[in-house]
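S.K.: okay, here's the prediction I keep looking at, along with the sequence it came from:
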Amino acid sequence: MNAAPAGPGPDFDPGSAYRCSPQVALRPEPFGALVYHFGTRKLSFLKTPQLVEVVKGLEHHPDVHSAVAAADVEESQRPAYLRALAGLAASGTIEPNPAP
């Protein structure tokens, strides 16, 4: 049996406001950014400058879809970005924004 492609996680709602966690530091790099979470002490990567732009812009938009659109992510790439953002939410890199 083939599994269906994974969509955004059940706890991630791209129709809601998110922000980069205050416990996270982003260090810009030519490929995107290094991400360090001070709470978990985990180092990870954002693999494109455009994804960095989306993550940094989240707090300025009423929902994830608006942040993705504002970063000029091509329509065909948006499902991949939503999956990446769902992963970032699951790891605590981004979190719901209590005051959008």
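M.R.: Perfect, I can see it now. Here the structure is a predicted model, which is why all the values come from computation and not from measurement. Numbering: from 1, shown residues only.

S.K.: what's the pLDDT at the residue nearest the centre of the chain?
M.R.: Among the residues of the chain, the one closest to the centroid is Leu85, at 3.2 Å (CA atoms, centre = their mean). Looking at Leu85, its pLDDT reads 97.

S.K.: please, which helix or strand holds it?
M.R.: helix 78-91 (DSSP states H and E).

S.K.: show me what that helix is packed against.
M.R.: Helices and strands touching helix 78-91, as assessed by 3 or more CB pairs under 8 Å, 6 or more residues apart in numbering; DSSP states H and E, comprise helix 49-57, helix 64-70, strand 94-96. (Each C-beta comes from the backbone N, C-alpha and C, glycine too.)

S.K.: only the buried residues of the shortest one, if you could.
M.R.: Same thing as strand 94-96. By 16 or more other CB atoms under 10 Å, the buried positions in strand 94-96 come out as Ile94, Glu95.

S.K.: give the pairing partners of it; include direction for each.
M.R.: Applying DSSP bridges, strand 94-96 is found paired with strand 18-20 (antiparallel).

S.K.: what's next to the helix or strand following the partner strand, contact-wise?
M.R.: Toward the C-terminus, strand 18-20 is succeeded by strand 24-29 as the next helix or strand (DSSP H and E). Strand 24-29 is contacted by residues 20, 33-38, 46, 52, 55-56, 92-93 when judged by CB atoms under 8 Å, 6 or more residues apart in numbering.

S.K.: one step back: just put the helices and strands packed on helix 78-91 in JSON lines and tack on mean pLDDT.
M.R.: As requested, the helices and strands packed on helix 78-91 are exported to JSON lines (pLDDT from 0 to 100):
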{"stretch": "helix 49-57", "mean pLDDT": "97"}
{"stretch": "helix 64-70", "mean pLDDT": "97"}
{"stretch": "strand 94-96", "mean pLDDT": "96"}
